[in-house]
Structures are given as C-alpha cells and as structure tokens.
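# Here is the input, now give the coordinates:
(one chain, ligands or ions: 1)
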Amino acid sequence: MRVDCDAAIIGGGVIGSSIAYHMAKRGKKVILLERERLAGQASSAAAGMLAAQAEMNEAGPLFELARRSRAMFPELAEDLKQLCGIDIGLVQKGMFKIALTSEEETELHRIIDFQCAAGEKAEWMSGEEVRRHEIEVSGDVRGAMFIPDDGQVSAPDLSLAFAKSAASLGAQIREFTEVKSLILEKGNVAGVMTQEDTIYCDRVVVASGFWSGRLLEQAGCKTPIYPVKGECFSVISEVPLIRSTIFSHGCYLVPKKGGRTLIGATMKEHSYDRKVTLEGIATLLERAKRLVPGIVHAEWEKAWAGLRPQTPDGLPYLGEHSKWKGLFIAAGHYRNGILLSPITGKLAADWAEGKEDGKLPMKAFAVERHSDDPIVKAGVK
Ligand SMILES: Cc1cc2nc3c(=O)[nH]c(=O)nc-3n(C[C@H](O)[C@H](O)[C@H](O)COP(=O)(O)OP(=O)(O)OC[C@H]3O[C@@H](n4cnc5c(N)ncnc54)[C@H](O)[C@@H]3O)c2cc1C
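Numbers count the residues shown, from 1 in each chain. Just a heads-up that it's a prediction; the model follows:
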C-alpha cells in the first residue's frame, strides 16, 4: 500500500509525539509511527522533572535549550488541555538541590552564581531554612540551592497529550508499526518502509530515542546513542512527605498527586534490559532515607525502569543531515527529554518550514558532529 504525507516521524515517545503535535499545529500532514505502544519506553519511566537549572552545572548550549523549553510549559499545558482534555500535571513549586557535604555546598554556591548571572532565580538556604519549608527533610542536610522556577509534570500524561492533541489536529498516529528502513534517493529522503507499507514523504524525522542510531546507520550517519538504565520506585503516604522536589546527587524525590512520592533514579550505562533489581531499589532507598527519613513509613506502590538515550557529549542530536535532504534527527535527550520536548517539537516544526531559530546555538547539536570521531568510526562506544 502506498501512503503520502508531508512528514513521517519515527518513534512515539515524548520527542516524536511533541514533533507530531507541533507540525500538525502548523497544518502539516504528518504520520507518527511507533513500533510498540505510545510512550512505552523512557518517556513513561521519567520522573517528569523540568530541571532546567537543577540539572545544569555549567553555562552552555544545553542550559540555553533547557531554559527556552521550560518557559514553554505553562502555555503548552493550557493548549494540550483544551485540545485533548489531558491535564499534564504541571506543578511549579520549585526544587531544592541539596548539599550534604561542605564540598557540595561550595559547588552549589558556584552554580547559584553562574545561574543568577545568566538571569535565573536561585538562592542558598541553610538546613534550618530548608526544614522550615519541608519539615520531613533530615538534619544531615547542610543546606540547598532553592530553584523557584524548576517544576514538574506527569511524564506519561505529557507524552499522551502530545500524541492525542496531534491526532485532534489531523495527525495519523500508528502504534505497533515498526519502521524497517529509510527510503533514500539521489541525496533526498523519500519516505520510510514499515512492516506493512511504504510511506512517501519528503521529510522524515528520526525520533526513536536510544534506537535511532540503528536506522541512521543506513544513511551513513553515526549517532552513537547508548542506553543509561534508570530504576525508580514510588510510595504513598496519607500526608504528602514533601511539597517541592528534593534533588540530590544520586537520588531525587518528586511529590505527585494523591500523596504519591516518586524516588529516582539509578544510572547504569550500556545496560539494555528494563529489569528492576533489588540492588537498585535498596541503593535508592538508602539515599532517599538520608534525605527524608520518614519515607520508611510510607506504603510501597511500585517500581519500574527505563533507558535514557545518551550521547558521547551529553547533547542531543537536533537538525538535518547534510547529505540527505529532508532527513532530520531529534534524539539523544538523555536525562532531560521531558523538559526538552516542547523546544524540540518547535524546532522540528521550524525545520519543516525551512526556518531556523537564530537564538539557539544549534551548531552544538549538529547531527554529524560524531561522524568523523576516530573512536566512533572504530565502532568503540
Ligand atoms: C528513570 C528515568 C527518569 C527520567 N526522568 C526525567 C525527568 O525527570 N525529566 C526529564 O526531562 N527527563 C527524564 N528522563 C529522560 C526522558 O525520559 C528521556 O530523555 C525521553 O523520554 C526520551 O524520549 P524519546 O521520545 O527520545 O525516547 P523514548 O521514550 O525511548 O521513545 C522512543 C520510541 O521510539 C520507538 N521506536 C524505536 N525504534 C523504532 C522504529 N524502528 N520504528 C518505530 N518506532 C520505533 C520506541 O519503541 C520508543 O517508543 C528520565 C528517564 C528515565 C529512564
């Protein structure tokens, strides 16, 4: 069967779904292709933090991208709610980035300085001040960087809201449809082949998370994305344990609706399975207890794991392939794909219209920046 459209998007995680939404909103006829269920991978495992400041210890292109994306959430939450009825659970109650040692305290002061110089809000709070806001926080906490503008959403709801809103704007969403290959002809992308049909279009966006590299090899493009497994668990308490997110090295606690607290996340590079291990949960629980001791009295809810798509320099690949016109890549968002999904969708919609965002340092995200890397060429990842 032959299908024609303006753009095919490969991958129904938060990134592909955001791209489908933003393109559909600009009147493009798009098809979103997901080989399993929508948001069945990293995008539903995520804690949903919008940690544009808590995750960024240095100034640089990722910080710029993150700030731009975080600012898009309030309007986006309204638009998605209106279009599809899903509340993405946007909460803007700030984050405490915790110092347990004097070294961490010194480091947090440096981060506060650079972020305030960049025009963001961040302030130091002593342990006592933190405990005045969050009474369950342990006496081991020396203090924290308080970030009023870092918030959170429900990651699975955000992904589904993007896809459902895209559908309401005319996008075709296909689950259980795996893209087997790209159609590449005379320097142009001409479409994709799935297990059941051929889709013809002059724009294809590869947004397949950690699996993107395999498809892109067909185009001679080296995007050595690798998985970093993360395990999480959640508990429920009658009285919510915390009001704002508590973010620390190796562990965070995120308050969710209904007295739930989400605790994440382990980090295991090059781990390809999504099994939850006792070791992972025990490690997280030890770290969480040090931050909020009362967690041990909460009721167990569930545990899960996901694969973060990481790149050699920690930056996503965003843009068009120089040798194949119309072949775009939006993958490798590592720990921040939920946060970066709105700006990624907006950029991809711009690409489809031949526009460029003059304000962002897009060179840093160039899709071929690792193609000539000798280590990558030798196949060492
Ligand atoms: C434990 C954990 C906690 C996290 N917490 C946060 C957080 O708090 N904040 C934040 O911003 N980020 C967080 N992240 C990171 C975030 O989840 C990811 O960066 C983001 O989900 C990546 O989205 P994606 O759409 O690129 O990938 P995915 O969600 O992995 O989606 C890719 C999709 O492509 C599909 N696919 C692959 N190959 C094909 C093919 N050939 N044809 C069709 N479909 C295909 C897959 O089935 C998959 O559904 C966390 C991640 C983990 C694992």
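# Please settle this for me: is Ile98 part of a strand?
Yes: counting by DSSP: H, G, I helix; E, B strand; the rest coil, Ile98 falls inside a strand.
# wait, does the top helix by length along the chain contact the ligand?
If you go by DSSP state H, the chain has its longest helix at helix 61-84. No: judged by C-beta under 6 Å from any ligand atom, helix 61-84 stays clear of the ligand, getting no closer than 8.8 Å. Backbone N, C-alpha and C define where each C-beta goes, glycine included.
# helices or strands up against that helix?
If you count contacts as 3 or more C-beta pairs under 8 Å, 6 or more residues apart in numbering; DSSP states H and E, helix 61-84 packs onto helix 155-168, helix 337-352.
# Of those, which is nearest the ligand?
The ligand lies closest, by C-beta to the nearest ligand atom, to one member of the helices and strands packed on helix 61-84: helix 337-352, at 2.2 Å.
# Can you give me the buried ones in that closest one?
337-349, 351-352 (16 or more other C-beta atoms under 10 Å).
# swap in stretch 228-245?
Residues of stretch 228-245 classed as buried: 228-237, 240-242, 244-245 (neighbour count, 16+ other C-beta under 10 Å).
# which residues in the stretch 151-300 of the chain form strands?
Ranges of strands in the stretch 151-300 of the chain, per DSSP state E, counting those that start in this stretch, are 151-152, 172-174, 179-185, 188-194, 198-200, 204-206, 226-236, 245-248, 251-255, 260-264, 268-269, 299-310.
# Need the CA coordinates for stretch 327-338. PDB is fine.
Written as PDB, here are the backbone C-alpha positions of stretch 327-338 (Å, rounded to 0.1, in the frame of the first residue of the first chain):
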ATOM      1  CA  LEU A 327      16.300  13.600   6.900                       C
ATOM      2  CA  PHE A 328      16.000  15.100  10.300                       C
ATOM      3  CA  ILE A 329      17.200  13.800  13.700                       C
ATOM      4  CA  ALA A 330      15.800  14.600  17.100                       C
ATOM      5  CA  ALA A 331      17.300  12.100  19.600                       C
ATOM      6  CA  GLY A 332      19.700  11.600  22.500                       C
ATOM      7  CA  HIS A 333      17.900  13.700  25.100                       C
ATOM      8  CA  TYR A 334      19.400  11.600  27.900                       C
ATOM      9  CA  ARG A 335      18.100  12.800  31.400                       C
ATOM     10  CA  ASN A 336      16.100  15.700  30.000                       C
ATOM     11  CA  GLY A 337      13.800  14.600  27.300                       C
ATOM     12  CA  ILE A 338      10.600  15.600  29.100                       C
END
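# Now do the same contact list for the residue nearest the centre of the chain.
Geometric centre of the chain, nearest residue: Gly337, 1.2 Å, by C-alpha atoms, centre = their mean. With contact taken as C-beta atoms under 8 Å, 6 or more residues apart in numbering, Gly337 is in contact with 13-15, 42-43, 46, 209, 308-309.
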